[in-house]
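# One predicted model, sequence on top.
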Amino acid sequence: MRVAPGIFRAESNEEVIYALECGRALALVDVGSEPGLPAKLDQLRADGLDTERIAAVFLTHRHEDHAGALRRLRQELAPRAQAALRVVAHRLAVQHLTSCLAAPPVPDELVDYTVDDGDTVEVGDLTFHVHHLPGHTPDAVAWQLGDSLFVGDVIFCDGGIGWMDAHWGSCVPDYRASLQRLLRLKADKIYPGHRACGPIKRQTIEQALERLKLLAEAEGSPLAALGRSAPRRSSDEPTKIIRLATRLSPDS
């Protein structure tokens, strides 16, 4: 379903992915879990998109319902398209973290590039800016395209937040800081990995902060005590720009 110029949404198993037109190529934000991928690709084809033109996948975080179909996506594409596909994720998505034992890392052989806060990825005629927003998971990122944010489970348009679990590295202080940072980002619309997309307003973020507070202060909640802050980019590490090729072959 087309939700904005050049932005298409596909949903199955209550998982949402997005396809973005990047000139001659397509980029996906997340791929969902493996069983639901064929239905999502069929929806994109019904919208008139050529899925053999998928040149990039941007992951919002390591969870199975966002990254689990990576291997199958390559299998679904023709050999030439398989070779051209590039996957980008936050650097923590492929690392074994002692605070994240219940959510295994994305296999590093499935990820071509890793990024961190402040990096930029260019694909076709689109430029994506990376915002590291940990809290739901240590590796959670938002991908900003103009005034749009693709946020995975960081926040939902009704002010909801991603499920918190100490066993997959959720951290209340990190989450609070990430939501507060959203208030400072120049973005008007959010595209989450579940539920509907919609405008991002101060009220939406304030609702999310209140829900986080109630969750952390709930009787018996271990989250506030057990949360471990995610490793961050060091101040002396330069940001980088990644430019992805979009041609499948010289004669395509």
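Ah, there it is. Numbers count the residues shown, from 1 in each chain.

# what sits up against the helix or strand bottoming out on mean pLDDT in the chain?
When the helices and strands of the chain are compared on mean pLDDT, DSSP states H and E, helix 223-226 comes out lowest with a mean of 72. Defining contact as CB atoms under 8 Å, 6 or more residues apart in numbering, one finds that helix 223-226 is touched by Met164, Ala166, Ser170, Cys171, Val172, Leu215, Ala216, Glu217. Every residue, glycine included, has its C-beta placed from N, CA and C.

# now those: which count as buried?
For the contacts of helix 223-226, a burial check counting by 16 or more other CB atoms under 10 Å picks out Met164, Ala166, Ser170, Cys171, Val172, Leu215, Ala216.

# sorry, back to before: out of the contacts of helix 223-226, list just those in helices.
Val172, Leu215, Ala216, Glu217 (DSSP state H).

# secondary structure element for Tyr18?
Here Tyr18, judged by DSSP states H and E, is contained in strand 15-22.

# which helices and strands sit right next to that strand?
strand 7-12, strand 25-29, helix 37-46, strand 54-58, strand 189-192 (3 or more CB pairs under 8 Å, 6 or more residues apart in numbering; DSSP states H and E).

# How are the strands of the stretch 101-250 of the chain distributed by residue range?
113-115, 120-123, 126-132, 141-145, 148-152, 189-192, 198-199, 241-244 (DSSP state E, counting those that start in this stretch).

# what stretches of the stretch 151-252 of the chain score poorly on pLDDT?
226, 247-252 (pLDDT under 70).

# thinking again about what came up before, got the angle for the strand holding Tyr18 vs strand 141-145?
30 degrees (axes from the mean of the first three to the mean of the last three CA atoms, to 10 degrees).

# What strands line up against strand 15-22, and which way round?
strand 7-12 (antiparallel), strand 25-29 (antiparallel) (DSSP bridges).

# Only alpha carbons, please: show the shortest one as PDB.
Extracted as PDB, the C-alpha positions of strand 25-29 are listed here (Å, rounded to 0.1, in the frame of the first residue of the first chain):
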ATOM      1  CA  ALA A  25      16.300   0.800  -7.100                       C
ATOM      2  CA  LEU A  26      14.200  -0.100  -4.100                       C
ATOM      3  CA  ALA A  27      15.300   0.000  -0.400                       C
ATOM      4  CA  LEU A  28      13.500  -1.900   2.300                       C
ATOM      5  CA  VAL A  29      13.300  -0.900   6.000                       C
END
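
# these two touch, right, Thr204 and Cys157?
Yes - contact criterion CB atoms under 8 Å: Thr204 and Cys157 qualify, at 6.5 Å.
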